[in-house]
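S.K.: build me a model:
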Amino acid sequence: MAATDNAHEWVSFEDAKEERTWLVDVTFLTSRWNCIFGKGCKGILEEDASDLVQGCCSYGAHFSDEADIERVSVAARKLRSEEWQFRADGLRDGFIEVVDGATKTRLHHDACIFLNRPGFAGDPGCAFHIAARRQGVPHLKLQPEVCWQVPVRREDLVDELGHVTSTITQWDRRHWGEAGEDFHWWCSEAPEAFEGPEPVYVSLAPELTELMGKRNFAEVRRYLDERLAAGVLLPHPVVRSKKLPA
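M.R.: Numbers count the residues shown, from 1 in each chain. Sure, this is the predicted structure:
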């Protein structure tokens, strides 16, 4: 494989209010990646787990900080029984656990306790997604942060002068550490996940706004709108390798 086979195009710009540079993955944000949970997702176990319909929920969600824990705890207690399959278990025995020093959502029957399984009278999938639709709010207001961020990743690096460089890109296997290498399948490298109706920066606009702030995301969106209109973009490596529609 040539070094350029995995090439991405990037754009950087300075934050208008902070000592921060934004480095944005143009190739991923203009790709047609979309979540295919329940529609071809093979999960993140060590073998094809399509039949389990667990998506990336097999190991539970690690919380980012105390505020994340508190927000999810409040949202969980407001879930209805028709939205959360394991509500009785979760409220009785708890829905948070600490494993190897990390605080995360508890596993129940070998997956996240908030994951409704196939056959549930409500809907399979994340209970918070279902509740968000009922409440008319973005699911990111209820879910653990890592759940709504994946597969978009923000990484902040601070230099010796205190200047921050914030990178917005895709979440790859390597970002999960050694465990990522054991995944049988990962969506940001799967051709079947790059056939969505809209570019990522449109379909995931609420998530990107939360990660970047309204002003900064508006700048990125204007730039990407112009690039798409001009029709000169580097297709995503998965699209290039499989010759999918750009």
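S.K.: in what helix or strand does A88 lie?
M.R.: helix 87-93 (DSSP states H and E).
S.K.: what's in contact with that helix?
M.R.: Identification of contacts with helix 87-93 by Cβ atoms under 8 Å, 6 or more residues apart in numbering yields 76-77, 79-81, 84, 106, 108, 113-114, 127. Glycine gets a C-beta too; all of them are placed from N, C-alpha and C.
S.K.: all strands for the protein, in order.
M.R.: Taking DSSP state E, the strands of the chain run over residues 10-14, 20-25, 96-99, 102-105, 115-116, 125-126, 152-158, 164-170.
S.K.: what lies in contact with the last one?
M.R.: Meaning strand 164-170. By Cβ under 8 Å, 6+ apart, the residues outside strand 164-170 that reach it are 8, 18-25, 28-29, 33, 151-159, 188, 208, 211-212, 220.
S.K.: which among those residues count as buried?
M.R.: Neighbour-count burial (16 or more other Cβ atoms under 10 Å) applied to these gives 20-22, 24-25, 28-29, 33, 151-154, 188, 208, 211-212, 220.
S.K.: list the contacts of the worst-scoring helix or strand of the chain on mean pLDDT.
M.R.: One helix or strand of the chain scores below all others by mean pLDDT, DSSP states H and E: helix 237-242, with a mean of 91. With contacts defined as Cβ under 8 Å, 6+ apart, helix 237-242 is touched by 5-8, 27, 31-32, 188-191, 194, 244-246.
S.K.: tell me the one among those nearest to G101.
M.R.: Taking Cβ to Cβ as the measure, G101 lies nearest S188 of the contacts of helix 237-242, at 27.7 Å.
S.K.: ok, and the closest non-adjacent residue to the residue nearest the centre of the chain?
M.R.: In the chain, the residue lying closest to the centroid (Cα atoms, centre = their mean) is V150, at 1.6 Å. Once flanking residues are discounted, V150 sits nearest to W171: 5.0 Å by Cβ to Cβ, 6 or more residues apart in numbering.
S.K.: returning to what we had before: which of the contacts of helix 87-93 ranks first by neighbour count?
M.R.: Within those, F114 tops the neighbour count with 32 neighbours, counted by other Cβ atoms under 10 Å.
S.K.: G196: neighbour count?
M.R.: Residues lying near G196 (other Cβ under 10 Å) number 15.
S.K.: what residues are up against the nearest residue to it once chain neighbours are set aside?
M.R.: In this structure, G196 finds its nearest non-sequential neighbour in N34, 2.9 Å apart by Cβ to Cβ, 6+ apart. Residues in contact with N34 (Cβ under 8 Å, 6+ apart) are 193-198, 200, 203.
S.K.: tell me which entries of those lie within helices.
M.R.: Using DSSP state H, the members of the contacts of N34 that fall in helices are 200, 203.
S.K.: of the contacts of N34, grab the buried ones for PyMOL.
M.R.: Listed next is the PyMOL selection for buried residues among those, using 16+ other Cβ under 10 Å:
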select buried, resi 193+194+200+203
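S.K.: distance to S64 and pLDDT for the contacts of N34 - can I get that in a markdown table?
M.R.: Output for the contacts of N34, formatted as a markdown table (distance: Cβ to Cβ, whole Å; pLDDT from 0 to 100):
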| residue | distance to S64 | pLDDT |
| --- | --- | --- |
| A193 | 25 | 97 |
| F194 | 28 | 97 |
| E195 | 31 | 96 |
| G196 | 27 | 96 |
| P197 | 30 | 96 |
| E198 | 27 | 97 |
| V200 | 22 | 98 |
| S203 | 23 | 97 |
